[in-house]
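Student: okay, sequence plus prediction incoming.
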Amino acid sequence: MATDFRYEEELGQAADRRLLWRLLRYLKPYRGKVVLALFLLTSGAALQLAPQRLTQIAIDDYMLKDDPSGLWVIGMMILGVLAFQFVIQYFTRYVTGMTAQRVMHDLRMEIFAHLQKMSLKFFDRNPVGRLMTRVTNDVGTLNDFFADGVISIISGLTMIVGIYVFMASMHLELTLLLTIVLPLLAAIGWWFSWIIRSAYRAVRKHLARINSYLQENLSGMIVVQLFGRESHNRKEFKSFNRLYRTAQIRTVFAYAVFFPAVELIGAVGIALVLWRGGVMQAMGDVSVGMLVAFIWYSERFFWPLRDISEKYNMLQSAAASSERVFSLLDTPADIVVSAEPKSVAPLAKSVAFESVWFAYNDEDWVLKDVSFEVKRGQTVALVGATGSGKTTIINLLGRFYDVQKGIVCVDDECIGDLDIAEHRRRIAYVAQDVFLFAGDLKSNIRLGRDDISDDDIRKAAQLVNADKFINQLPNGYDTEIKERGAGLSVGQKQLLSFARALAFDPEILVLDEATSSIDTETEQLIERGLAYLISGRTSIVVAHRLSTIQHADNILVMHHGELREKGTHQELLAHDGLYRRLYELQYQEQAVA
């Protein structure tokens with residue numbers, strides 16, 4: 001499956017460190033809270049070491065000397081330490097959790113803003129399910145890492161250093177004896193990291209494939225059921241699911257080996273300390289309290305290692321998620337915006353294509369040396385067989401793609417030099433497949449434009465005769481519309497799209513097969529509104545039914561990406577070329593019908 005993402009197959013600890021370091025840069029705006037969290041973490045780690053030191057004092061100075069006088073004080077001190085530790089842990093979790101949520105908020109906003117800059121070419125190559133995985137699953141994984149993983153890792157490392165220093169200050173020989181097992185821990189840790197790193201990349205990759213396939217399958221459920229593809233799709237999903245399961249089993253195997261190995265190595269280290277410490281205690285070289293505390297510290301020395309190892313899956317998952325997120329953010333936009341874009345002036349003269357060549361893939365040309373001009377206030381129709389390049393011309397006018405050769409101009413200004421947002425704002429687009437957002441009906445006509453009032457919406461709906469069915473809805477213009485306009489007929493959605501275009505009052509109007517899905521009765525309803533909509537505007541109409549464009553000022557006949565004929569309806573009929581054959585073919589089909 002084609003993708004623009006750069007880090008999908010990149011392996012290695014260096015890549016992990018680079019990506020995680022880049023991820024940590026998102027903490028920069030919150031460095032004050034990070035410093036506070038680090039202070040709380042180190043304070044909490046230090047407090048965890050205090051109870052056993054107090055226990056050593058209780059054993060050596062009071063219990064072994066049959067002096068209970070100070071035990072009550074030491075018990076209260078331990079209780080106070082635990083209470084203070086509770087407070088420290090509360091504020092640590094709160095500060096880190098709040099910081100993590102703010103970082104993830106910033107990251108989601110950055111991803112969303114980046115996606116809105118991408119061209120249609122990018123979305124052609126990257127399935128929606130895969131992109132959804134980036135914004136939801138991957139960012140959620142990073143949130144878990146910031147909110148919990150970072151705490152555990154930093155706290156664990158602080159505990160390891162603190163315990164080692166405590167043990168060295170208590171008895172250097174026993175500390176060095178415990179150090180003997182550390183190379184074994186390092187070796188098993190290296191093996192574990194090597195296995196789990198590649199396993200988690202595979203997990204994230206196959207999860208993205210499952211999400212992508214699931215999204216596509218659910219979106220096309222009517223086709224799946226209508227053509228009986230359920231069994232075939234189950235087999236395909238089973239294949240993706242099996243690969244995902246295999247990748248997950250690799251992680252299960254790594255953990256099944258790693259944790260018992262760490263337990264075994266830790267037990268060996270504690271056994272060595274117990275053996276040598278017991279001999280020293282018998283010889284009077286160490287006290288009982290010190291030996292008890294040292295053995296406790298030895299056990300606690302391996303706890304953070306196990307905890308860090310357990311969080312290592314979170315670290316690796318965060319590394320895999322961060323590489324996917326950053327590969328998305330590092331994908332350059334195909335549409336390059338000028339560093340100093342020119343302001344868009346009101347359309348005064350014309351829209352023109354000058355020797356335009358365009359291909360979606362390499363040099364598989366969809367448009368070949370296309371040149372034409374649409375003067376201000378004119379209506380120009382594009383006709384031709386499917387795949388002739390009509391919709392591509394519309395996409396180039398909106399600068400959803402950039403041409404490879406030639407230029408697209410508005411009033412002699414190349415649209416590549418204009419402010420892209422302002423340029424698109426003066427174009428209203430009515431497509432064959434109308435897209436409606438979940439929300440009320442008014443918001444689907446207004447589309448976030450605060451300058452469009454409720455009166456403007458009602459007036460636009462009346463002019464295209466959409467108000468008739470709107471007023472019959474339970475809540476009129478406040479009726480809630482489901483996702484993609486579910487519950488509305490194709491004709492009703494098309495009427496709403498006309499009302500939307502009229503409410504925006506565009507300078508350039510684009511109709512892309514806008515009436516092809518409408519029945520004759522509905523088409524008659526909007527004829528008056530359509531005439532009002534086109535009047536005085538520069539309009540480009542892509543039409544399949546030639547009867548709808550007979551009054552166009554100019555008709556462009558496209559064939560295999562080339563502009564073969566142009567002229568008025570009568571001129572093209574008299575020419576006896578492609579247009580006349582198309583017209584006669586449709587006339588015969590209508591006569592048969």
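Tutor: Noted; the coordinates are in hand. Because the structure is a prediction, the values reported are computed rather than measured.
Student: Three-state assignment for Phe435, please.
Tutor: coil (DSSP: H, G, I helix; E, B strand; the rest coil).
Student: tell me where the stretch 251-400 of the chain is predicted with low confidence.
Tutor: 309-310, 312-313 (pLDDT under 70).
Student: and the strands in it, which stretches?
Tutor: Taking DSSP state E, counting those that start in this stretch, the strands of the stretch 251-400 of the chain run over residues 350-359, 365-375, 379-384.
Student: partners of the second one in the sheet?
Tutor: Looking at strand 365-375 with DSSP bridges, its partner strands are strand 350-359 (antiparallel).
Student: alpha carbons of the partner strand, as CSV, please.
Tutor: Taking Å, rounded to 0.1, in the frame of the first residue of the first chain, the C-alpha atoms of strand 350-359 are listed here in CSV:
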residue,chain,number,x,y,z
SER,A,350,-11.2,35.9,-16.8
VAL,A,351,-10.1,32.5,-15.6
ALA,A,352,-7.7,30.8,-18.1
PHE,A,353,-5.8,27.6,-18.6
GLU,A,354,-2.7,28.0,-20.7
SER,A,355,-1.0,24.9,-22.2
VAL,A,356,-1.8,22.8,-19.1
TRP,A,357,-0.4,19.3,-18.8
PHE,A,358,-1.2,17.2,-15.7
ALA,A,359,-0.7,13.6,-14.6
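Student: contacts for that strand?
Tutor: For strand 350-359, the surrounding residues in contact (Cβ atoms under 8 Å, 6 or more residues apart in numbering) are 365-376, 392-393, 396-397, 401, 403-412, 508, 538, 540. Every residue, glycine included, has its C-beta placed from N, CA and C.
Student: can you say which of those residues are buried?
Tutor: Buried subset of the contacts of strand 350-359 (neighbour count, 16 or more other Cβ atoms under 10 Å): 365-368, 370, 372, 374, 376, 392-393, 396-397, 401, 403, 406, 408-410, 508, 538, 540.
Student: turn the strands of the stretch 251-400 of the chain into CSV, including distance to Lys311.
Tutor: Shown next, in CSV, are the strands of the stretch 251-400 of the chain (distance: least, Cβ to Cβ, whole Å):
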stretch, distance to Lys311
strand 350-359, 49
strand 365-375, 51
strand 379-384, 59
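Student: wait, which of the ones you listed is closest to Leu315?
Tutor: Leu315 lies closest to strand 350-359 among those, at 43.7 Å (Cβ to Cβ).
Student: what residues of that closest one count as buried?
Tutor: Neighbour-count burial for strand 350-359 [16+ other Cβ under 10 Å]: Ser350, Val351, Ala352, Phe353, Glu354, Val356, Trp357, Phe358, Ala359.
Student: one more: stretch 124-134?
Tutor: Asn126, Pro127, Gly129, Arg130, Leu131, Met132, Thr133, Arg134.
Student: average pLDDT for it, rounded please.
Tutor: Mean pLDDT, computed over stretch 124-134, is 77.
Student: start to end distance for it?
Tutor: Start-to-end span of stretch 124-134 (Cα to Cα, to the nearest Å) is 17 Å.
Student: from the chain's centroid, how far away is it?
Tutor: Counting by Cα atoms, centre = their mean, to the nearest Å, stretch 124-134 is centred 8 Å from the centre of its parent chain.
Student: can you check stretch 34-47 too?
Tutor: Stretch 34-47 sits 33 Å away from the centroid of its parent chain (Cα atoms, centre = their mean).
Student: and stretch 356-363, by the same measure?
Tutor: With Cα atoms, centre = their mean, you get 28 Å for stretch 356-363.
Student: what of stretch 33-42?
Tutor: 30 Å.
Student: cool, and stretch 168-184?
Tutor: Distance, centroid of stretch 168-184 to centroid of chain: 48 Å (Cα atoms, centre = their mean).
Student: quick check: mean pLDDT of stretch 482-501?
Tutor: Averaging the model's pLDDT scores along stretch 482-501 yields 79.
Student: quick check, pLDDT for Trp60.
Tutor: Quick fix: residue 60 is Asp, not Trp. At Asp60, pLDDT is 65.
Student: with Ala14 instead?
Tutor: 52.
Student: likewise the one 10 residues further on?
Tutor: Model confidence at Leu24, given as pLDDT, is 79.
Student: okay, it and Val103: tell me how far apart.
Tutor: Taking Cβ to Cβ, to the nearest Å as the measure, Leu24 falls 9 Å from Val103.
Student: circling back: ok, the buried residues of strand 350-359 vs Gly476, which is closest?
Tutor: Using Cβ to Cβ, Val351 comes nearest to Gly476 of the buried residues of strand 350-359, at 37.3 Å.
Student: which strand residues sit across from that closest one in the sheet?
Tutor: The partner residues for Val351, given DSSP bridges, come to Val374, Val410.
Student: next: the one 5 residues further on.
Tutor: Following DSSP bridges, Val356 is listed with bridge partners Val370.
Student: what's the helix or strand for Leu218?
Tutor: In the assignment (DSSP states H and E), Leu218 maps to helix 182-219.
Student: do the same with Met558
Tutor: Using DSSP H and E, Met558 maps to strand 554-559.
Student: quick one: that strand to strand 350-359, angle?
Tutor: On the basis of axes from the mean of the first three to the mean of the last three Cα atoms, to 10 degrees, strand 554-559 is oriented at 0 degrees to strand 350-359.
Student: now for strand 554-559, which elements pack on it?
Tutor: On a contact count with 3 or more Cβ pairs under 8 Å, 6 or more residues apart in numbering; DSSP states H and E, strand 554-559 meets strand 365-375, strand 379-384, strand 562-567, helix 569-575, helix 578-592.
Student: among those, which is the most enclosed?
Tutor: Of all these, strand 379-384 carries the top mean neighbour count, a mean of 23, counting by mean count of other Cβ atoms under 10 Å.
Student: contacts for that strand?
Tutor: Strand 379-384 has contacts (Cβ under 8 Å, 6+ apart) with 372, 374, 390, 393, 534, 539-544, 546, 549, 551-559, 578-579, 582.
Student: at 7 Å what do you get?
Tutor: Applying Cβ atoms under 7 Å, 6 or more residues apart in numbering, the contact partners of strand 379-384 are 374, 390, 393, 534, 539-543, 546, 549, 552-559, 579, 582.
Student: ok, stretch 106-121 next?
Tutor: Around stretch 106-121, the neighbours that count as contacts under Cβ under 7 Å, 6+ apart are 26, 131, 134-135, 139, 142, 325, 328-329, 333-335, 395, 400-401.
Student: likewise stretch 249-265?
Tutor: Here stretch 249-265 has contacts from 181, 184-185, 188, 192, 195-196, 199-200, 203, 302, 305-306, 309, 313, using Cβ under 7 Å, 6+ apart.
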